[in-house]
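Enquirer: no sequence for this one, just the structure:
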Ligand code: BEZ
């Protein structure tokens with residue numbers, strides 16, 4: 001599979017998970033999906049990451065996002081590892097973890113980068129929108145844990161982008177002002193959006209609608 005690009009349709013798959021077999025597109029339904037891989041079970045960084053994702057359960061739900069973890073380890077290992085994740089994260093693991101022993105999902109989503117040491121997956125994240133399009137991807141090395149607050153912030157930004165047309169400036173946080181997309185004239189923006197400020201002819205801020 002060629003590298004997935006932003007705007008591509010997220011490929012479907014069926015897989016064994018800790019919550020039973022799932023068919024990705026059916027499981028995702030009409031909401032958002034956060035598909036993320038990690039290298040291996042019973043490893044330190046991964047344990048903190050999966051614990052953090054578990055602790056953010058209500059935050060994913062508030063954004064209509066389902067999370068799905070992937071690694072190439074076996075289902076029995078995933079089940080056995082869960083209690084460590086729960087102890088470290090302080091929350092139950094309620095999302096499925098794919099047992100991708102034949103590496104089908106990892107190859108479909110280009111999650112194996114041989115230069116990173118071995119044939120386990122690196123730390124990939126795909127944000128997939130309600131229409132099934134890949135809207136954002138992140139790739140971290142095995143040694144560096146991800147910041148899931150940033151994943152939530154990026155999800156918020158995408159949802160605000162779609163409610164416009166708006167863009168979001170550097171370091172944008174929910175509740176802050178957004179940028180009117182270049183496809184909308186300032187005159188139109190003043191009719192459609194609240195409190196439009198023209199900083200330059202191409203940089204126009206407006207109040208954002210509340211999303212979360
Ligand atoms: C970790 O989760 O700590 C880890 C896993 C694989 C390679 C390096 C680090």
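Expert: Great, that's in hand. Being a predicted model, the structure only gives us computed values, none of them experimental. Numbers count the residues shown, from 1 in each chain.
Enquirer: domain-wise, how is this structure divided?
Expert: The chain breaks down into these domains under automatic domain parsing: 14-146, 163-206.
Enquirer: looking at those domains, which is buried most?
Expert: Of the domains of the chain, the one with the most neighbours on average (mean count of other C-beta atoms under 10 Å) is domain 14-146, at a mean of 18. Just so you know, the C-beta spots here come from the backbone N, C-alpha and C atoms, and that holds for glycine as well.
Enquirer: now do the most far-flung residue of the chain relative to its centre against the ligand, distance only.
Expert: Within the chain, the residue lying farthest from the chain centre (C-alpha atoms, centre = their mean) is residue 187, at 35.1 Å. Per C-beta to the nearest ligand atom, to the nearest Å, residue 187 is found 53 Å from the ligand.
Enquirer: do residue 13 as well
Expert: Distance of residue 13 to the ligand, given as C-beta to the nearest ligand atom: 23 Å.
Enquirer: tell me the pLDDT at that residue?
Expert: Listed pLDDT for residue 13 reads 98.
Enquirer: ok, now which ones touch it?
Expert: Neighbouring residues of residue 13 by C-beta atoms under 8 Å, 6 or more residues apart in numbering: 23-24, 104-105, 108.
Enquirer: try it again at 10 Å.
Expert: Applying C-beta atoms under 10 Å, 6 or more residues apart in numbering, we find residue 13 in contact with 22-25, 70, 98, 100, 104-105, 108-109.
Enquirer: ok, so of these, who is nearest residue 152?
Expert: Nearest to residue 152 among the contacts of residue 13 is residue 70, at 19.3 Å by C-beta to C-beta.
Enquirer: surely the closest one is within a strand?
Expert: Yes: counting by DSSP: H, G, I helix; E, B strand; the rest coil, residue 70 is located in a strand.
Enquirer: I'd say it and residue 34 touch.
Expert: No: here residue 70 lies out of contact with residue 34, judged by C-beta atoms under 10 Å, at a distance of 11.2 Å.
Enquirer: circling back: so which of the contacts of residue 13 reach the ligand?
Expert: With C-beta under 6 Å from any ligand atom as the criterion, the contacts of residue 13 include none near the ligand.
Enquirer: secondary structure and pLDDT for the residues you listed - can I get that in a markdown table?
Expert: Formatted as a markdown table, the contacts of residue 13 follow (DSSP: H, G, I helix; E, B strand; the rest coil; pLDDT from 0 to 100):
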| residue | secondary structure | pLDDT |
| --- | --- | --- |
| 22 | strand | 98 |
| 23 | strand | 98 |
| 24 | helix | 98 |
| 25 | helix | 98 |
| 70 | strand | 98 |
| 98 | strand | 98 |
| 100 | coil | 97 |
| 104 | helix | 96 |
| 105 | helix | 97 |
| 108 | helix | 97 |
| 109 | coil | 97 |
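Enquirer: can you put those in JSON lines and add distance to residue 155?
Expert: Output for those, formatted as JSON lines (distance: C-beta to C-beta, whole Å):
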{"residue": "22", "distance to residue 155": "21"}
{"residue": "23", "distance to residue 155": "23"}
{"residue": "24", "distance to residue 155": "18"}
{"residue": "25", "distance to residue 155": "19"}
{"residue": "70", "distance to residue 155": "18"}
{"residue": "98", "distance to residue 155": "20"}
{"residue": "100", "distance to residue 155": "23"}
{"residue": "104", "distance to residue 155": "26"}
{"residue": "105", "distance to residue 155": "21"}
{"residue": "108", "distance to residue 155": "22"}
{"residue": "109", "distance to residue 155": "18"}
